[in-house]
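Visitor: the sequence and its predicted three-dimensional model are supplied below.
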Amino acid sequence: MAIRKFDNLNRRNALVLSATAVMGILYPLVGRTDDGDDNGGGSTSQSGAGGQPIALATTGIRANVVVVGGGMAGASVAKYLRLWGGSGVNVTLVEPDDAYVSNIMSNFVLTSVRSLSSLSYTWDQLATAYGVVRKKARLQSINSANRQVVLSDGSVLSYDRLVVAPGVDFENAYGLTAQDYDTRTPHAWRAGLQTTLLQQQLAAAVNGDTYVMTIPVAPYRCPPGPYERACLVADYLTTRKGPNCRVLILDENPKIQAEAVNFGRAFGVIHAGVVNYQSGVTGIAIDPVTKVVTYTDKSGLSQTVQARVVNPIPPHRASGSGAGGWMAAAGLNNSADGRWAKVNPLSYESTAVAGVHVIGDAAQCGLPKAGHVGNQEAKICADAIVRLLSGQSPDSAPVANSACYSPITATTASWLTAVYQYDPVTQTMKVAANGGVTAGAAPTEAAAITSGNFKQMGTWFNTLMGDTYT
């Protein structure tokens, strides 16, 4: 069969439609709720929807694509490369873990509403339905000259295109080490054992205890996430432990980074007297044994607080971008500070290494670092790779959506959404308004914090995860 030509407008519309399939539950935010548990409670582990293979098209394209990382971005790109590229595009997914545990909704594990197992997703459906080949191993190195990757089991895979979605690494900060994060002061910014540890520490708190959270200088994974966590912890402690519990937020940023209006109302009204939000904080130091936290407030005064639970969210960077890491060795950590992979948003191909695409939290392109965004970047990347493999150019005007819900209490939530469009002047993705990139445009947050938003959150989450893993 001849190579199928992709009409740019039609494929762009397909991308927008696939994005708005999730976004549709935000607009107009009425008339659609989750049939199951509204907060997504109960097992949602995915192992395949009936195990039926998808009849893939024959596009005439023949290529080998290796995808590294099975999180939101990696799983999505593997699925859509097969779905859009057809049977001749062989996709191998390199992922060492047995399952992906969603960071989205994991704050509910801290308040004992959800379990980690209910947030676990496998790649079975990608293999069964779409023919993605799973390779259980870690990436060791990239030989971009020969277009090969070396894996931890010693095997070597050749590729025509390589997509890496490695996520982030967390740095030692505030006088803490990786061992402290694992055993005493968990950041729990990657869902897993640290999430369980933080949940246990919160469960052991008593009335009058103080919980301290730190927020690193942006960019960091999930801009509204820390503020959401602080709200849920405040609600949990005062409801379950007593009215004298306190939550102290030490934000190294000059202001709230997302949903400023609604989080400002949450801190100042809903959780007034419980949450103490401080911005522009510097010099944070944490004793992991005594849980004494010292810092300098924005007025320049030194402060000391005795905490019962300390939850530092440390600075992070693209996984493997540090000294001796595989990303650094390959030259992919080419942002100005060496922490992120700078990419061309038309294709997510690295601006430093040809044939290698970087998506998800590790990429720098103007989009926030979040699970929904990783899913969106994956679709733009998959579309671009299919076009490139068929001798065409990537779409010159990609559009992406960003959306998330932020629970404020155990029964209410806010939300944040934005449409991003490619800006050829800056060669980055920017918030779009009035049909195109507009100076000063900003994401839109919910008009109010409501129980209706909370109910819709389950539908949003299940739709997004279903689109990614089934």
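Guide: Yes, it's here.
Visitor: for the rest of this, base every contact and every neighbour count on C-alpha atoms.
Guide: Fine.
Visitor: tell me where the chain has helices.
Guide: 8-23, 72-85, 107-110, 124-130, 178-183, 193-203, 225-236, 260-265, 326-330, 371-389, 451-469 (DSSP state H).
Visitor: low-scoring stretches of the stretch 351-470 of the chain, by residue?
Guide: 435 (pLDDT under 70).
Visitor: how about 90 then?
Guide: For the stretch 351-470 of the chain, the stretches with pLDDT under 90 are 433-441.
Visitor: next one: the chain
Guide: Along the chain, the parts satisfying pLDDT under 90 run over 1-52, 433-441.
Visitor: can you list the domain ranges for it.
Guide: 8-169+317-469, 183-314 (automatic domain parsing).
Visitor: in the protein, where's the longest strand?
Guide: Ranked by residue count and defined by DSSP state E, the top strand of the chain is strand 413-423.
Visitor: and the angle for it with helix 225-236?
Guide: If you take axes from the mean of the first three to the mean of the last three C-alpha atoms, to 10 degrees, strand 413-423 sits at 180 degrees to helix 225-236.
Visitor: which strands and helices lie in contact with strand 413-423?
Guide: strand 399-407, strand 428-433, strand 436-437, strand 444-445, helix 451-469 (3 or more C-alpha pairs under 8 Å, 6 or more residues apart in numbering; DSSP states H and E).
Visitor: thinking again about what came up before, tabulate the helices of the chain (a markdown table), appending distance to Thr210.
Guide: Formatted as a markdown table, the helices of the chain follow (distance: least, C-alpha to C-alpha, whole Å):
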| stretch | distance to Thr210 |
| --- | --- |
| helix 8-23 | 37 |
| helix 72-85 | 34 |
| helix 107-110 | 16 |
| helix 124-130 | 43 |
| helix 178-183 | 18 |
| helix 193-203 | 10 |
| helix 225-236 | 10 |
| helix 260-265 | 20 |
| helix 326-330 | 39 |
| helix 371-389 | 30 |
| helix 451-469 | 27 |
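Visitor: tell me which of the ones you listed sits nearest to Arg147.
Guide: Nearest of the helices of the chain to Arg147, taken as C-alpha to C-alpha: helix 326-330 at 11.6 Å.
Visitor: what's the spacing between that closest one and its chain's center?
Guide: Relative to the chain's own centre, helix 326-330 is displaced by 22 Å; criterion: C-alpha atoms, centre = their mean, to the nearest Å.
Visitor: about what we covered before: the domains of the chain: which one's closest to Gly175?
Guide: Using C-alpha to C-alpha, the nearest of the domains of the chain to Gly175 is domain 183-314, at 5.9 Å.
Visitor: and the closest one, end to end?
Guide: With C-alpha to C-alpha, to the nearest Å as the measure, the ends of domain 183-314 fall 15 Å from one another.
Visitor: now do stretch 162-182
Guide: End to end - C-alpha to C-alpha - stretch 162-182 spans 32 Å.
Visitor: quick one: buried residues of it?
Guide: Of the residues in stretch 162-182, 162-170, 173-174, 176, 180-182 count as buried by neighbour count, 16 or more other C-alpha atoms under 10 Å.
Visitor: mark which of the residues you listed are part of strands, please.
Guide: Using DSSP E, these in strands are Leu162, Val163, Val164, Val168, Asp169, Phe170.
Visitor: pretty sure the fifth one sits against Pro314.
Guide: No - applying C-alpha atoms under 8 Å as the test, Asp169 and Pro314 come out as separate, 9.8 Å apart.
Visitor: quick one on the thing from earlier: just the ones in strands among the buried residues of stretch 162-182 now: which is nearest Glu95?
Guide: For those, the nearest to Glu95 is Val164 (10.8 Å; C-alpha to C-alpha).
Visitor: gap between that closest one and Leu332?
Guide: Relative to Leu332, and taking C-alpha to C-alpha, Val164 is found at 10 Å.
Visitor: got it, and Val309?
Guide: With C-alpha to C-alpha as the criterion, Val309 and Leu332 are 37 Å apart.
Visitor: with Val113 instead?
Guide: 39 Å.
Visitor: these two: which is more packed in?
Guide: Comparing Val113 with Leu332 by other C-alpha atoms under 10 Å, the one with more neighbours is Leu332, at 27 against 15.
Visitor: for the more buried one, list the residues it contacts.
Guide: Contacts for Leu332 (C-alpha atoms under 8 Å, 6 or more residues apart in numbering) come out as Ser321, Trp340, Ala341, Lys342, Ser350, Ala352, Val353.
Visitor: which one of the residues you listed is nearest to Ser451?
Guide: Of those, the one sitting nearest to Ser451 (C-alpha to C-alpha) turns out to be Trp340, at 37.5 Å.
Visitor: what's the burial count for that closest one?
Guide: 27.
Visitor: and if you look at the one 10 residues further on?
Guide: Applying other C-alpha under 10 Å, we find 24 residues neighbouring Ser350.
Visitor: again, but for the one 10 residues further on
Guide: The local packing of Gly360 (other C-alpha under 10 Å) involves 31 other residues.
Visitor: how near is the residue nearest to it when sequence neighbours are not counted to Leu81?
Guide: Of all residues not flanking Gly360 in the chain, Gly374 sits nearest, at 4.3 Å (C-alpha to C-alpha, 6 or more residues apart in numbering). Using C-alpha to C-alpha, Gly374 is found at 15 Å from Leu81.
Visitor: now do Ala75
Guide: 10 Å.
Visitor: next, Arg190: phi, psi?
Guide: Per-residue torsions, Arg190: phi -130, psi 120 (degrees, to the nearest 10).
Visitor: so who does the residue lying closest to it once chain neighbours are set aside touch?
Guide: Closest residue in space to Arg190, ignoring its immediate chain neighbours: Asn103 at 6.1 Å, by C-alpha to C-alpha, 6+ apart. Residues in contact with Asn103, defined by C-alpha under 8 Å, 6+ apart, are Trp189, Arg190, Ala191, Gly371.
Visitor: okay if I get the ones in strands among the buried residues of stretch 162-182 as CSV plus distance to Asn207?
Guide: Formatted as CSV, these follow (distance: C-alpha to C-alpha, whole Å):
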residue, distance to Asn207
Leu162, 52
Val163, 49
Val164, 46
Val168, 35
Asp169, 35
Phe170, 32
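Visitor: between those, which is closest to Ser390?
Guide: Nearest to Ser390 among those, with distances taken as C-alpha to C-alpha, is Leu162, at 16.1 Å.
Visitor: ok, that closest one - contacts?
Guide: Leu162 is in contact with Val65, Val66, Val67, Val68, Gly355, Val356, His357, counting by C-alpha under 8 Å, 6+ apart.
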